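> just coords:
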């Protein structure tokens, strides 16, 4: 019953929280986090409308694990959905948008070679490098329209704080920490926007906070 009230017991990746006093919006509307590299299992949603079940079968949450070793893999949190834009070769800048659902794999796996090979070819494995992300949290039932609303709000705040320029249109990730049967007001959702580490304002952010970082586990 605990999961209905938001208690999942699933492990989450550790991260470092960054902050600077001269940022206008960061303290009350979003958080800046640093994540170490992690491994994911991924399915492009245009391959199937049942991406979650495909990934759940790979780790063995549904039936026999769909990997060559038939190895059970622990479920972690959150489940990620990444919006992937691809520019098409046309006379005008047309963009085709796909989505990929991703399971973060247990943190004892450090290398791709350690992971069981999927038997379903729709499942791909890859490593996500270390990154710095701006995170906006919200509760309730997730929908694409709500996700876009939260993304636009976060993007607006990042532009105010000059961490994203007016001309940038960054890709974004939805992080969902609870299943659909968790009561809506207990559900934890987040929008992640990766920050450009080469941008001068972001580089300044990293250098200043190295002295006092807070590790959240």
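Yep, that arrived. Just so you know, these numbers come straight off a predicted model, no measurement behind them.

> run through the bridge partners of residue 18.
With DSSP bridges applied, residue 18 shows beta-bridge pairing to residue 32.

> what about it, distance to residue 144?
As defined by C-beta to C-beta, to the nearest Å, residue 18 lies at a distance of 29 Å from residue 144. No exception for glycine: its C-beta is placed from N, CA and C like everyone else's.

> of those two, who's got more company?
residue 18 (23 against 11; other C-beta atoms under 10 Å).

> mind checking the longest helix of this protein?
Determined from DSSP state H, the single longest helix within the chain is helix 144-160.

> in what helix or strand does the residue nearest to residue 60 when sequence neighbours are not counted lie?
Computed as C-beta to C-beta, 6 or more residues apart in numbering, the closest residue to residue 60 that is not its neighbour in sequence is residue 72, at 4.2 Å. For residue 72, there is no enclosing helix or strand under DSSP states H and E.

> my read is that residue 72 contacts residue 57, right?
No. Residue 72 is not in contact with residue 57 according to C-beta atoms under 8 Å; the separation is 11.6 Å.

> who has more neighbours, those two?
Neighbour totals were compared for residue 72 and residue 57, and residue 57 leads with 20 against 13 (other C-beta under 10 Å).

> any idea which helix or strand carries the more buried one?
Per DSSP H and E, residue 57 falls inside helix 51-59.

> can you list contacts of that helix?
41-45, 48, 62-63, 65-67, 72-75, 79, 101-103, 105, 118, 120, 122-123 (C-beta atoms under 8 Å, 6 or more residues apart in numbering).

> and if we set it to 7 Å?
With contact meaning C-beta atoms under 7 Å, 6 or more residues apart in numbering, helix 51-59 is reached by 41, 43, 45, 48, 62-63, 65-67, 73, 75, 101, 103, 118, 120, 122-123.

> and stretch 118-135, by the same measure?
By C-beta under 7 Å, 6+ apart, stretch 118-135 touches 30-43, 47-48, 54-55, 57-58, 66-68, 112, 115, 154, 158, 163, 190, 192-195, 197, 202.

> so which of those belong to strands?
Mapping those onto strands (DSSP state E) picks out 31-35, 38-43, 190, 192-194.

> return the members of these classed as buried.
Burial by neighbour count, 16 or more other C-beta atoms under 10 Å: within these this picks out 31-35, 38-43, 190, 192-193.
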